[in-house]
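> 3D, please:
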Amino acid sequence: MRLCIKIDEDFRNLNFATVLTNYAVEIRYPGDFYIPDIEEACEAYEMALKVKDFVINKMQNILD
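So this is what the prediction gives:
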């Protein structure tokens, strides 16, 4: 995110998504395995969709 912000300040709008990093890191390493409840999983999923849509829109703007 820091690298993207250096290129495009609009990425600051995704600061809410930094919590997604924990899901990516925690699952990769052995030890205590965290399983979020359904509400937390849905919130993370919605955040991921917003990030995906944001990035796709940025890419489309570049290609247009």
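> so where's this protein shaky on pLDDT?
Flagging of the chain using pLDDT under 70 yields the residue ranges 26-27.
> middle-most residue in this protein, spatially?
Ala17 (4.3 Å; CA atoms, centre = their mean).
> looking at it, that residue is touching Lys52, isn't it?
No - counting by CB atoms under 8 Å, Ala17 stays clear of Lys52, with 10.2 Å between them. All C-beta spots, glycine's among them, are computed from the backbone N, C-alpha and C.
> any shared contact partners between the two?
With contacts defined as CB atoms under 8 Å, 6 or more residues apart in numbering, no residue is shared by Ala17 and Lys52.
> related to what we said a few turns ago, can you list phi and psi of the residue nearest to the centre of the chain for me?
phi -80, psi 0 (degrees, to the nearest 10).
> helices or strands up against the lengthiest helix in the chain?
Looking across the chain with DSSP state H, the single longest helix is helix 38-63. For helix 38-63, the elements it packs on are helix 20-28, judged by 3 or more CB pairs under 8 Å, 6 or more residues apart in numbering; DSSP states H and E.
> Other residues contacting the helix it packs on?
Phe33, Tyr34, Pro36, Ala44, Met47, Ala48, Val51.
> about what we covered before: state the distance from the residue nearest to the centre of the chain to Ala24.
To Ala24, Ala17 is 11 Å away according to CB to CB, to the nearest Å.
> cool, Met47 as well?
12 Å.
> neighbour count winner among these two?
Neighbours per residue (other CB atoms under 10 Å) separate Met47 from Ala24, with Met47 holding more: 17 against 8.
> Next, the contact list for the nearest residue to the more buried one once chain neighbours are set aside, please.
Nearest residue to Met47 in three dimensions, chain neighbours excluded: Ala17, at 5.2 Å (CB to CB, 6 or more residues apart in numbering). Ala17 sits next to Met1, Met47, Ala48, Lys50, Val51 when contact means CB under 8 Å, 6+ apart.
> Number of residues surrounding the third one?
Using other CB under 10 Å as the criterion, Ala48 is surrounded by 13 other residues.
> now do the first one
Met1 sits with 13 neighbouring residues when counted by other CB under 10 Å.
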